[in-house]
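Asker: Any chance you could fold what I've pasted below:
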Amino acid sequence: MTPKSWWNRTILGAGITSAFGDLCYEMGNVVLPGLLSALGIPAALLGVMEGVADGLASFTKLVAGYIGDRFGHRKTLVVAGYALNTIGQGFMAIATGFWLIALGRILAWFGRGIRGPLRDEIMTAAVPPEQRGRAFGFHRAADTFGAILGPAIGTGLVAWLGSSLATVSPTMPFRSVLVISMIPGALAVLSFAVLVHDPGGGGKPKLRFWGAMRSMPSSFRHYLVAVGIYGSGDFAPTLLILAATQTLSPSYGLTMAGALAGSLYVLRNTLQTLVSYPVGWLSDRLGARRVLVGGYVLGTLSCVLLAIIFALGYWNILPLAAVFILSGICAAVQETVEPVVTAALVPAEIRATCYGVLGAVNGVGDLISSFFVGLIWTLVAPQWAFLAAGGTLLMGTALLAALKNHGADSA
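Answerer: Numbering: from 1, shown residues only. The predicted structure is shown next:
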């Protein structure tokens, strides 16, 4: 039976769950560097841990989508994914060394990999095809709202608890925040379990992994090439924050520049939250692929503008604010509309698998882009790093614009 409206208990539950889930995860993110410093763990190990966790999440997305299509039980697996995130925070809270922190972090990313494609498939099945953009827009707004609150609450708790608990141990303020973060983590598990209904998770026992890969439509394969090339230039936001810090330091000093860069990042995330639903509504009205192309164009412009700022040595906050604003809108378009285009290009029987493939492609792109931008930045110059990234983004945008319409514009 086709759902009548995107606004239903399942979409509301998925949005509430993602808000609580990101609140839990981002509270951990903001205190993890402090905990590592208090334990005397070097930054190099943090980089290794994050790289391994990110790679594991990408691989897990690929496998999780197929498992959901073949065996069903999608809701149970999503609930387990959110539970692993909460358990991971608990491991980090009690850690006395690197290995338990790494285990907690990897468990959290493993949980993120499991739940992503299966949750997207449940949401897709719960809304009419012509209203998918609005459903994903609402979900991304709720998710990003949690990502804004998490760092703010985590930072505030560290400041509040620091004076009293630091006398017990330098690690105690950070451990306490990690324990507190498990509360929204548990609420995420509960809200998905209670509110979300999976309208079609029976499974297809005869489905084989390589058979599902071979049955992906050619239009979706071409779409993945465009997304992958674009993602190979779409570097991590932490590099954007570093760029802002460096450009503002000559005028404001390092400490104030870091604070301003952090404020610009909050602006970016806030804008992403505010425009996610309008972006989804627009994709329902104008066509998902057209809106995604527009978002990709904005991402390309933000990268080129950043290269120009470095090349001219223009140390002013206004053009940097424009870069963060464009980046925020682009992020809202990407995260809202990419799943909508996917749903329009693939058959329902392998949709969760295709969501997993999309997640894996994006994950690999993130690794490639951040590595090469950082490498060119270090060995040559930052303006050439961002110019190279902008050229890669432009190629991905052009390929997406040239994609033949096999349902992508009717999503």
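Asker: Contacts for stretch 310-319, please.
Answerer: For stretch 310-319, the surrounding residues in contact (C-beta atoms under 8 Å, 6 or more residues apart in numbering) are 243, 247-248, 250-251, 260, 264, 305, 308-309, 381-383, 386. For glycine as for every other residue, the C-beta is placed from the backbone atoms N, C-alpha and C.
Asker: I'd like the residues you listed written out as TSV, with neighbour count, pLDDT and distance to Ser181 added.
Answerer: Formatted as TSV, the entries for the contacts of stretch 310-319 read as follows, by neighbours: other C-beta atoms under 10 Å; pLDDT from 0 to 100; distance: C-beta to C-beta, whole Å:
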residue	neighbour count	pLDDT	distance to Ser181
Ala243	23	84	29
Thr247	24	85	33
Leu248	22	85	31
Pro250	11	84	37
Ser251	12	83	36
Leu260	19	82	27
Leu264	23	87	25
Leu305	17	94	36
Ile308	16	93	40
Ile309	22	91	36
Ala381	14	88	39
Pro382	21	87	34
Gln383	18	91	39
Phe386	29	92	34
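Asker: quick one: which of the residues you listed is nearest Lys204?
Answerer: When the contacts of stretch 310-319 are compared for distance to Lys204, the smallest value, 44.9 Å, is given by Phe386; criterion: C-beta to C-beta.
Asker: ok, now how distant is the closest one from Arg208?
Answerer: Counting by C-beta to C-beta, to the nearest Å, the gap from Phe386 to Arg208 is 43 Å.
Asker: One more: Val177?
Answerer: Applying C-beta to C-beta to Val177 and Arg208 gives a distance of 45 Å.
Asker: neighbour count winner among those two?
Answerer: Here Val177 and Arg208 are compared on neighbour count by other C-beta atoms under 10 Å; more neighbours surround Val177, at 26 against 12.
Asker: The more buried one: what's it in contact with?
Answerer: Listed by C-beta under 8 Å, 6+ apart, the contact set of Val177 reads Met27, Gly28, Val30, Val31, Gly154, Leu157, Val158, Leu161.
Asker: Pretty sure the fourth one sits against Val158.
Answerer: Translated: Val31. Yes: here Val31 reaches Val158: they are 6.0 Å apart, a contact under C-beta atoms under 8 Å.
Asker: Can you pull the residues that touch both of the two?
Answerer: Common neighbours of Val31 and Val158 are listed as Pro173, Phe174, Val177 (criterion: C-beta under 8 Å, 6+ apart).
Asker: Make JSON lines out of those and add pLDDT, secondary structure and distance to Arg70.
Answerer: Putting the shared contacts of Val31 and Val158 into JSON lines (pLDDT from 0 to 100; DSSP: H, G, I helix; E, B strand; the rest coil; distance: C-beta to C-beta, whole Å) gives the following:
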{"residue": "Pro173", "pLDDT": "86", "secondary structure": "helix", "distance to Arg70": "45"}
{"residue": "Phe174", "pLDDT": "86", "secondary structure": "helix", "distance to Arg70": "41"}
{"residue": "Val177", "pLDDT": "89", "secondary structure": "helix", "distance to Arg70": "39"}
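Asker: The strand or helix carrying Val357 - what's its average pLDDT?
Answerer: Taking DSSP states H and E as the definition, one finds Val357 inside helix 351-379. Per-residue pLDDT over helix 351-379 has a mean of 86.
Asker: What count of nearby residues applies to Trp99?
Answerer: 12.
Asker: For the helix or strand containing Ala385, give me every contacting residue.
Answerer: Secondary structure assignment for Ala385, by DSSP H and E: helix 382-401. Here helix 382-401 makes contact (C-beta under 8 Å, 6+ apart) with 222-223, 225-235, 243, 246, 289, 292-293, 296-297, 299-300, 303-304, 306-308, 310-311, 369, 372-377.
Asker: Where do the helices of this protein begin and end?
Answerer: In the chain, the segments counted as helices under DSSP state H are 9-39, 43-71, 74-94, 98-125, 132-165, 172-195, 209-214, 218-231, 237-252, 254-286, 288-312, 317-345, 351-379, 382-401.
Asker: Report the buried residues of the longest one.
Answerer: It refers to helix 132-165. Within helix 132-165, the residues scored as buried using 16 or more other C-beta atoms under 10 Å are 132-151, 153-155, 157-158, 161-162, 165.
Asker: Check stretch 388-403 too.
Answerer: Within stretch 388-403, judged by 16+ other C-beta under 10 Å, the buried ones are Ala388, Ala389, Gly390, Thr392, Leu393, Leu394, Met395, Gly396, Thr397, Leu399, Leu400, Leu403.
Asker: so which of those comes closest to Pro128?
Answerer: Leu403 (23.6 Å).
Asker: so that closest one sits right up against Ala226, yeah?
Answerer: Yes: under the contact definition of C-beta under 8 Å, Leu403 touches Ala226, with a separation of 6.3 Å.
Asker: show me the contacts for the residue nearest the centre of the chain.
Answerer: The central residue of the chain, meaning the one whose C-alpha is nearest the mean C-alpha position (C-alpha atoms, centre = their mean), is Glu335 at 7.3 Å. For Glu335, the residues meeting the contact criterion (C-beta under 8 Å, 6+ apart) are Arg140, Asp143, Gln272, Ser276.
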